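Trainee: Quick one, what's the 3D model for this:
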Amino acid sequence: MLILGYSEAAMYMRQADAAHVRAIIAIAGQREYTIDTNNVEHQLVLHFDDTETPTDDDLLGQARLAMRKRAAGQFGIRMNPPTRADVDAIIAFARQTQSVNGTLLCHCHASVSRSPAVALICLTTWRGPGSELDCTADIRRARPAAVPHVGLIRMADEALGRGGALLRALELDESA
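Mentor: Numbers count the residues shown, from 1 in each chain. I've put the predicted structure just below:
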């Protein structure tokens, strides 16, 4: 698995080593781009921004999101947070590509929040319950600066029926 930012992914896909990339998950917000994936058989392109997804009881998070949306709106930008439908698409894609012989490339603009979260969702989908802490450590090794998007992880934890295990693994990793 590779977790790269947009520029890194674009450069990587021009190298001979890119031949082993068999699947790509690309994430782009309103003013972001995805790499050319015409030569990759399995691909999922998602369109959402790196913005908060507060829960109904997180009033501070909801206020921050509203403030960010208003500020972005002044510049003509819509802030679209990830949704449960995005998470369901990631899980379905992970299940469809689990037996593909090759590398999965996950990329977003900077590869700090969204693509590490997507990679974590894929790994935990493939490895099953009880693997959350190991998967989180693997993401940290693959991308040391990663801070996986908590909203995506929260929705994936629920969708995968992990009862909070994925969120706890993320919290334990961040405190290490």
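Trainee: those helices in this structure, which residues are they?
Mentor: Assigned by DSSP state H, the chain shows helices spanning 6-12, 59-73, 84-97, 114-127, 132-142, 150-159, 165-175.
Trainee: Just the buried residues of the fourth one, please?
Mentor: Meaning helix 114-127. Within helix 114-127, the residues scored as buried using 16 or more other CB atoms under 10 Å are 114-126. Any C-beta I mention is one placed from the backbone N, CA and C, and that applies to glycine too.
Trainee: for the shortest one, same thing?
Mentor: Buried residues in helix 6-12, counting neighbours by 16+ other CB under 10 Å, are found at 6, 8, 9, 12.
Trainee: show me the contacts for the first one.
Mentor: Listed by CB atoms under 8 Å, 6 or more residues apart in numbering, the contact set of residue 6 reads 32, 33, 34, 35, 107, 108, 109, 110.
Trainee: Need the pLDDT of the spatially most distant residue from the centre of the chain.
Mentor: Going by CA atoms, centre = their mean, the residue of the chain most distant from its centre is residue 74, 27.1 Å out. You'll see residue 74 listed with a pLDDT of 84.
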